[in-house]
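> Please find the sequence and the predicted model below.
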Amino acid sequence: QVQLVESGGGLVQAGGSLRLSCAASGSIFSVNAMTWYRQAPGKQRELVARITSDDVTNFADSVKGRFAISRDNAKKSGYLEMNSLKPEDTAVYYCNAYIKTGRWSPSLGYWGQGTQVTVSS
């Protein structure tokens, strides 16, 4: 059984910073692309940032220059460093990862439970 657990959310003032973590556990052979999404109340879930297994990254235009994404393959973890936060960054942030449970297994997508980020003005 594979689990993804996010942590690091909270309440922060505009202009502040937060660092989200996403830890994968269970029977894991490899972790491929890791992606952070967010969903604000009444809005659709949107991609925030993605990092591939080759450390290629891409970001939503709304967070470019403010957010950074990284990963630690040894820890099977991913991170989202969020700086210069704005009230419009308020949302539940979800981690998604494509994981293989064995050498010949397909790479399947898994989701974490989400962590709330609230930015006050």
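Everything's here; your move. Remember, it's a predicted structure, so these values are computed and weren't measured experimentally.
> Leaving aside the residues adjacent along the chain, what's closest to Asn58?
Counting by C-beta to C-beta, 6 or more residues apart in numbering, Arg50 is the residue found nearest to Asn58 once chain neighbours are left out, at 5.3 Å. To be clear about C-beta, it is placed using only N, CA and C from the backbone, and glycine gets the same treatment.
> Next, work out how far apart the spatially most central residue of the chain and Arg66 are.
Nearest to the geometric centre of the chain sits Trp36, at 3.0 Å (C-alpha atoms, centre = their mean). To Arg66, Trp36 is 13 Å away according to C-beta to C-beta, to the nearest Å.
> now Ser21
Where Arg66 is concerned, Ser21 sits at a distance of 18 Å (C-beta to C-beta).
> before we move on, what about Cys95?
Remark: distance between Cys95 and Arg66 (C-beta to C-beta) = 19 Å.
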